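Trainee: Everything below, folded, please.
(2 chains)
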Number of protein chains: 2
Amino acid sequence: MINVAVLGYGTVGSGVVEVINTNKDIINNKIKEEINVKYVLDLREFPGDPVMDILTHDYNDILNDPEVEIVAEVMGGVNPAYEFVKSALEKGKSVCTSNKELVAKHGPELIKIAREHNRNFFFEASVGGGIPIIRPLNTSVTADDVLEITGILNGTTNFILTKMSKEGLGFDEVLKEAQDLGYAEKNPSADVDGFDACRKISILASLVYGKHVNFEDVYTEGITKITDKDFVYANKLNSSIKLFGSAKKQNGKLFAYVAPMMITSEHTLYSVNGVFNAIMVKGNVLDDIMFYGSGAGKLPTASAVVSDVVDAIRHLNDNVYTEWEEEKLELSDFDASEKKFFVRVENTAGKEDEVKASFGDVEIVKVDEFNDEFGFITSVMSEKEFNEKVSKVSGVITRIRME
Amino acid sequence: MINVAVLGYGTVGSGVVEVINTNKDIINNKIKEEINVKYVLDLREFPGDPVMDILTHDYNDILNDPEVEIVAEVMGGVNPAYEFVKSALEKGKSVCTSNKELVAKHGPELIKIAREHNRNFFFEASVGGGIPIIRPLNTSVTADDVLEITGILNGTTNFILTKMSKEGLGFDEVLKEAQDLGYAEKNPSADVDGFDACRKISILASLVYGKHVNFEDVYTEGITKITDKDFVYANKLNSSIKLFGSAKKQNGKLFAYVAPMMITSEHTLYSVNGVFNAIMVKGNVLDDIMFYGSGAGKLPTASAVVSDVVDAIRHLNDNVYTEWEEEKLELSDFDASEKKFFVRVENTAGKEDEVKASFGDVEIVKVDEFNDEFGFITSVMSEKEFNEKVSKVSGVITRIRME
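Mentor: Numbering: from 1, shown residues only, chains lettered A, B, ... in the order given. Here you go, the predicted structure:
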C-alpha cells in the first residue's frame, strides 16, 4: 500500500481525493500497488464529510509519519506551502503540487532538494490544469532547439476575450459575468493583469531552457485596456485578440512576455476559445505542436495532480531528472523584441500624413462603424523603435501587438 | 559516448541523422553524454553523401557491435524490420522506431522482450509524426478512465478532405493534386482506404487500455465515397467531414473504428485542417485534451524518433514500463455502436414519407443547389438498427456517420 497525504481540502484538494476514490482500480492497476489517502491537512472542519476520518490540522502528523511516501500540495500560495514541501522532500517524501506561485518562485531549489534525496518534485498541474505539458516538455520535446513556447495560459482572460470577440460586449460587462459564473475572482487582478500567466510562462520557459526565469523579469501586460472597439477591428482583419504568455528566440536573443496579441485565423492558437488553455511549442525540426485542454477546474486539475502521484509512485526511490537549474536564464530587454503593431488614432485633419511621417508606409484600417478614428498596422519593428515613433503621433487611442 | 545505429536511410532515416547532427549540442546537454551515429544501414549507396563513411549493408555489423546501445529502426514494413528489432533487443540494445506496421503487429511481443532484457522499445514516431502522444499516454494520462480516444491520424486524407471542404473540389481531382504535391502515394490505398489510420488507432487503443488491439478487428472505412456534394450539405450544417480513428466506451462496451465522420464546428477536432494530425483524449475526470501537430514529414517524424533516442539513453539499463500486454483486448461488435447518421436520398415523389415510415421523425436537410435529392439526419441508433431501417428506403445515395 502506498500512502498519500493531501495538503489542503479546497477545490483542487477535494478533487484529488475524489479522483483517487473514483478511479482507484485504474490507478492501482497503473502502479501495481494499492493507493491510499492517509491524511488530508486543512485548518477547517468538514462535518459530515468522510474526509473527517483522515483530517488533521497538524502538518507534523504527516511529516513525521514514515508511512506517507507522497505529499500532494494543493493549498496554493507560497507560505506555508514552501516550508511544508521543503521539509517533506528533506524527509524523503516525494511531492506533487498544483501551486504555480510556489513553483515559479522556488522551483529549482525544490527540484534540487528532491534530486539530492532521490525523490521527486512534480508540478504538472501548475500550468494548463489538466493538459499534460510539464512532463512532455521534460521528456518528449528533447530533440529540438525550441524557438518559441507560447500559451493561452489563463482561462479567465480567455473566457473574457472570447466573449468580447463573439458577442461585441465591453470588458467590464464580461468581467462581471465571469465573476457571477465563478470564472473570475472578486479581485480579478491576478488574472486580468497577467500575473497568473506570467508565473506560468516563467515555469514553462525555465523547463524548456533549463535555467531559472525570474517571473519578475518577464514583461507583463494584462487585458484591462482591451475594448469592444478593438474587436471590431480584429474581426475586420479576420483576427482575434488573445492573452499570450510567450518565450521566444529572435535574432539570437531570448525574450519572455505576457501581453494581449492580435492574431490572424492562421495562427495555431486562434481556435482556442472560452475557458480552454493551449500551449504551442515551435521546435527547429519539430515545427509547431500544440497541447490543448481544460486549463483549470476542480477535476481536470486534480487529474493532473494524481497523474503526478502515479508517476511519483512509479519512481519511488528514483529521481526523474528535471532540467531546471538555479542559475538565472538571461532574458534580453523586451525593448529589443520585434513585431508589428496595430494602432488606433483619432481621425483629425491630416492624421494619415502625420502617421506616415513617423511610421513610413503603413496599412490603414478603417471600419464603417467609426468615423472619428482609424487604425493602422506598422511594419515589423522593435518595441523601442515603436515607442519612439508613436510618441511623435498625437491622438493615439491604443496599440496592440500583432503576430 | 553513446553509439546509435540508424536502420534505413530513406526520408525518416536521413531526417534522424540530420536532427542528431543539427541539434547535437542540445541533445548532448539533455543526456549529459555525447551522442554519435556509428552506423547507417541501407542496401543502397549514397555517393558523395557523408553518410558513406558510416554506411553498412550488413545488419550483423550493427548487431554484433557491443558499442551500439541504441538502434533507430526507420525502414518501415514488417519484414525484415521485425527480425532486426527483435534480435537487437535480445542483444541488449534499445530500439526506437517510427514503424507503425511493426508496432501494430508485434508491439506487445517487442515490449515484453525489451522488458525482459531491461531495455526499451519506444515508438513515439509511429503515430502522429512529431506530436508527443505515445509517451504522454504512457506516463501522463494515468489518473483517468479514458472514455474515448479519437484522432485525425492520417495527414493525406485530412489534406484531401480539407481541400474538398474549402474549395468545393471532387475527390479524384484533389487526390491527384495530393499525389502531385507528394502528399499521397501513387497507390493511395493505405491512406484513402483507412488502413494507415487503422494501425494507428490500434496502437493508441492498446496503450490506453493496456491490452492488444488486433488491427484486423477494427472496423475500417475510407474516404473514397465522400463527394463534393457531401460537403455542400456539411457546410450548410456548419459541419465538416473528417476521417476519424476512434476507440470509445459506450453503454459499457468498447468499440474501435476508422470512418469518415460529419462533425460540427463545436467538436474539438473541427479546426484540424490540412496535413495536420491531432489526437483527442476524453477522460472521466480530465475532460477533453488534444495533442496537435505535424503528423508526418521528414523532420517532425525524425524529431520524435530522436526524442525516443534521448529517452532510451536516459534509461540505458532501466526499462520504462509500457502497459500493453499480449492478451487480446475484447472489442464489441461494431454493429452495436450508436450514433446519428446523415443520409442523402433521391428526391422522388413521396420520398419524405417513405423515409419517415422507416426512420420516424428525422431532420430533413435541403440545399438550394440540388433539386433531385435531399438529406436527412436520423436519431441516435445502432449500426444494426440503421442498416435495417435504411434497407427499407429506396434511392439512398450515401450515408455518413455524425458526431
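Trainee: C-alpha only now, for contacts and for neighbours.
Mentor: Noted.
Trainee: Quickly list the domain ranges of chain A.
Mentor: Here the domain assignment for chain A is A:2-129+A:298-323, A:136-294, A:337-402, based on automatic domain parsing.
Trainee: Indicate which one of these is closest to B:Val141.
Mentor: domain A:2-129+A:298-323 (6.5 Å; CA to CA).
Trainee: Quick check: end-to-end length of that closest one?
Mentor: 27 Å (CA to CA, to the nearest Å).
Trainee: what's the distance between it and the middle of its chain?
Mentor: 20 Å (CA atoms, centre = their mean, to the nearest Å).
Trainee: where does the residue lying farthest from the centre of chain A fall, phi/psi-wise?
Mentor: Within chain A, A:Ala349 marks the point farthest from the mean C-alpha position, 43.9 Å out by CA atoms, centre = their mean. Main-chain dihedrals, A:Ala349, degrees, to the nearest 10: phi -50, psi 130.
Trainee: give the contact list for it.
Mentor: Taking CA atoms under 8 Å, 6 or more residues apart in numbering or on different chains, we find A:Ala349 in contact with no residue.
Trainee: What is the neighbour count of A:Ile397?
Mentor: Using other CA atoms under 10 Å in any protein chain shown, A:Ile397 has 12 neighbouring residues.
Trainee: Make sure it is actually in contact with A:Val345.
Mentor: Yes: using CA atoms under 8 Å, A:Ile397 is in contact with A:Val345, at 5.2 Å.
Trainee: Next one: the residue farthest from the centre of chain A from A:Ser394, what distance?
Mentor: From A:Ala349 to A:Ser394 the distance is 12 Å (CA to CA).
Trainee: Same check on A:Leu147?
Mentor: 37 Å.
Trainee: of these two, who's got more company?
Mentor: A:Leu147 (18 against 13).
Trainee: Now do the host helix or strand of A:Asn387: distance to the chain's middle.
Mentor: Element membership for A:Asn387, per DSSP states H and E: helix A:383-390. Distance of helix A:383-390 from the chain centroid (CA atoms, centre = their mean) equals 28 Å.
Trainee: pLDDT on it, on average?
Mentor: If you average the pLDDT over helix A:383-390, you get 98.
Trainee: tell me which residues in that helix are buried?
Mentor: A:Glu383, A:Phe386, A:Val390 (16 or more other CA atoms under 10 Å in any protein chain shown).
Trainee: just stretch A:366-380 next, same as before
Mentor: Buried residues in stretch A:366-380 (16+ other CA under 10 Å): A:Glu373, A:Phe374, A:Gly375, A:Phe376, A:Ile377, A:Thr378, A:Ser379.
Trainee: Over to stretch A:185-197?
Mentor: Within stretch A:185-197, judged by 16+ other CA under 10 Å, the buried ones are A:Glu185, A:Pro188, A:Asp191, A:Val192, A:Asp193, A:Gly194, A:Phe195, A:Asp196, A:Ala197.
Trainee: what pLDDT does A:Tyr183 get?
Mentor: 88.
Trainee: I should have written A:Leu175 there, sorry.
Mentor: Reading off the model, A:Leu175 has pLDDT 96.
Trainee: From the contact counts, what lies against the helix or strand in which it is found?
Mentor: Using DSSP H and E, A:Leu175 falls within helix A:171-180. On a contact count with 3 or more CA pairs under 8 Å, 6 or more residues apart in numbering or on different chains; DSSP states H and E, helix A:171-180 meets helix A:155-167.
Trainee: how far is the helix it packs on from where the chain is centred?
Mentor: Using CA atoms, centre = their mean, the offset of helix A:155-167 from its chain centre is 16 Å.
Trainee: For the stretch 201-350 of chain A, which segments count as strands?
Mentor: A:211-212, A:219-220, A:239-250, A:253-264, A:276-283, A:287-294, A:325-328, A:338-346 (DSSP state E, counting those that start in this stretch).
Trainee: Any residues of the stretch 1-150 of chain A in contact with chain B? List them.
Mentor: Proximity of the stretch 1-150 of chain A to chain B (CA under 8 Å from any CA of the partner chain) is limited to residues A:19-20, A:23, A:26-27, A:30, A:130-132, A:135-136, A:139-145.
Trainee: The same query, at a cut-off of 10 Å, please.
Mentor: A:15, A:18-20, A:22-31, A:124, A:129-146 (CA under 10 Å from any CA of the partner chain).
Trainee: which among these end up buried?
Mentor: Buried by 16+ other CA under 10 Å: A:15, A:18-20, A:22-24, A:26-28, A:30-31, A:124, A:129-146, out of the residues of the stretch 1-150 of chain A next to chain B.
Trainee: Which of these fall in strands?
Mentor: If you go by DSSP state E, those have A:Val146 in strands.
Trainee: how far does stretch A:323-342 stretch from start to finish?
Mentor: Stretch A:323-342 has an end-to-end distance of 38 Å (CA to CA).
Trainee: What of stretch A:385-403?
Mentor: In stretch A:385-403, first residue to last residue: 17 Å (CA to CA).
Trainee: does stretch A:288-298 come close to chain B?
Mentor: Yes: using CA under 10 Å from any CA, stretch A:288-298 reaches chain B at A:Asp288, A:Ile289, A:Met290, A:Phe291, A:Tyr292, A:Gly293, A:Ser294, A:Gly295, A:Gly297, A:Lys298.
Trainee: In PyMOL, select just the buried ones from those residues.
Mentor: For the buried members of these, the matching PyMOL selection, counting by 16+ other CA under 10 Å, is:
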select buried, chain A and resi 288+289+290+291+292+293+294+295+297+298
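Trainee: pLDDT added to the residues of stretch A:288-298 next to chain B, as JSON lines?
Mentor: Formatted as JSON lines, the residues of stretch A:288-298 next to chain B follow (pLDDT from 0 to 100):
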{"residue": "A:Asp288", "pLDDT": "96"}
{"residue": "A:Ile289", "pLDDT": "98"}
{"residue": "A:Met290", "pLDDT": "98"}
{"residue": "A:Phe291", "pLDDT": "98"}
{"residue": "A:Tyr292", "pLDDT": "98"}
{"residue": "A:Gly293", "pLDDT": "97"}
{"residue": "A:Ser294", "pLDDT": "91"}
{"residue": "A:Gly295", "pLDDT": "87"}
{"residue": "A:Gly297", "pLDDT": "89"}
{"residue": "A:Lys298", "pLDDT": "95"}
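Trainee: Can you check which residues contact both of A:Ile397 and A:Val345?
Mentor: Taking CA atoms under 10 Å, 6 or more residues apart in numbering or on different chains as the contact rule, A:Ile397 and A:Val345 both touch A:Glu373, A:Phe374, A:Gly375.
Trainee: Based on its surroundings, how many neighbours for the residue nearest to A:Val272 when sequence neighbours are not counted?
Mentor: Among residues not flanking A:Val272 along the chain, A:Ala278 sits closest, at 6.8 Å (CA to CA, 6 or more residues apart in numbering or on different chains). By the criterion of other CA under 10 Å, A:Ala278 has 27 neighbours.
Trainee: beta partners for A:Ala278?
Mentor: Beta-bridge partners recorded for A:Ala278 (DSSP bridges): A:Ile152, A:Tyr292.
Trainee: Quick one: mean pLDDT for the strand or helix carrying A:Val71?
Mentor: Take DSSP H and E as the rule and A:Val71 turns out to sit in strand A:68-73. In this model, strand A:68-73 has a mean pLDDT of 98.
Trainee: now swap in stretch A:329-347 and tell me
Mentor: For stretch A:329-347, the per-residue pLDDT averages 98.
Trainee: As a markdown table, the residues of stretch A:288-298 next to chain B with distance to B:His267 would be great.
Mentor: Shown next, in a markdown table, are the residues of stretch A:288-298 next to chain B (distance: CA to CA, whole Å):
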| residue | distance to B:His267 |
| --- | --- |
| A:Asp288 | 21 |
| A:Ile289 | 19 |
| A:Met290 | 17 |
| A:Phe291 | 16 |
| A:Tyr292 | 13 |
| A:Gly293 | 13 |
| A:Ser294 | 14 |
| A:Gly295 | 18 |
| A:Gly297 | 20 |
| A:Lys298 | 23 |
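Trainee: Can you show me the helices along the stretch 301-403 of chain A?
Mentor: A:351-359, A:383-390 (DSSP state H, counting those that start in this stretch).
Trainee: For stretch A:213-227, buried residues please.
Mentor: A:Val213, A:Asn214, A:Phe215, A:Asp217, A:Val218, A:Tyr219, A:Thr220, A:Glu221, A:Gly222, A:Ile223, A:Ile226, A:Thr227.
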